[in-house]
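[1] compute the structure for the input listed below.
(one chain, ligands or ions: 1)
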Amino acid sequence: MKFFVDTADVAAISELNDLGFVDGVTTNPSLIMKSGRDILEVTKEICDLIDGPVSAEVTATEADDMIAEGRKLAKIADNIAVKVPLTWAGLKTCKTLTDEGRMVNVTLCFSANQALLAAKAGASFISPFIGRLDDINIDGIDLIADIRTIFDNYGYGTEILAASIRTVNHVSDCARIGADVITAPPEVLKKLASHPLTDAGLASFMADWAKTGQKIL
Ligand code: E4P
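    From the prediction side, this is the model:
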């Protein structure tokens, strides 16, 4: 399973990338706002740092304008995936841009039928939002499983990019189901390394080691 980092914070991306944990990056207008940076500048910086796909989201709502924005974003670097919302205009934009050979990530997906349309429109990635479904008492993980079954039934090549990941359990659930990619904030990716029994075990080893009076170096 590929790990994308869901942030426009270059320092955070760089830290995880140095460990080999970054297969790609996703951004959205809220994350660009949070970074306080210019979208074109920060996206270029991320694209230069990362070999994998970097999603940059259009902000227009009509197809013609979305297509124009998508073409401009795609010029930033070869590894740009143009991110479009799962609206009728977004699907038209997806079809046009994928026909031009560009990567497209269709975002704000909340149903299996929406995912099916994105696959038929040629999307490179579909982004179902787990956390936002959980927020309204609908199991977001069930949606990932449904889309996996449907895509496998028909051999769709669109990659399932599980988004709106809020917990470490979301990550392991997605891996169990067979999501192709998860995108998670840096804090969630870092938490994957934590376990209280690791902390307790290490504390006890260190206490016993101190009693030996030995040093390795
Ligand atoms: C990623 O592509 C999405 O924009 C992101 O995962 C949304 O996450 P949120 O629901 O925590 O804002």
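
[2] ranges for the strands of the protein?
    Using DSSP state E, the strands of the chain run over residues 2-6, 24-26, 54-57, 80-85, 103-109, 125-128, 159-162, 181-184.

[3] and the longest helix seen in the chain, what does it pack against?
    Assignment by DSSP state H gives helix 196-212 as the longest helix of the chain. Here helix 196-212 touches no other helix or strand, going by 3 or more C-beta pairs under 8 Å, 6 or more residues apart in numbering; DSSP states H and E. Where you see a C-beta, it was placed from the backbone N, CA and C, and this is true even at glycine.

[4] begin at 528 from here
    Got it, the first residue is 528 from now on, which makes the last one we talked about helix 723-739.

[5] burial measure for residue 548, as a count.
    Applying other C-beta atoms under 10 Å, we find 15 residues neighbouring residue 548.

[6] what's near enough to touch the nearest residue to it once chain neighbours are set aside?
    Counting by C-beta to C-beta, 6 or more residues apart in numbering, residue 548 lies nearest to residue 530, which is 5.5 Å off, once chain neighbours are set aside. Each residue near residue 530 by C-beta atoms under 8 Å, 6 or more residues apart in numbering is listed here: 548, 549, 550, 551, 708, 709, 710, 711, 716.

[7] separation between residue 530 and the ligand?
    To the ligand, residue 530 is 13 Å away according to C-beta to the nearest ligand atom, to the nearest Å.

[8] now do residue 686
    Residue 686 sits 13 Å away from the ligand, going by C-beta to the nearest ligand atom.

[9] roughly how far apart are that residue and residue 608?
    The spacing between residue 686 and residue 608, counted by C-beta to C-beta, to the nearest Å, is 10 Å.
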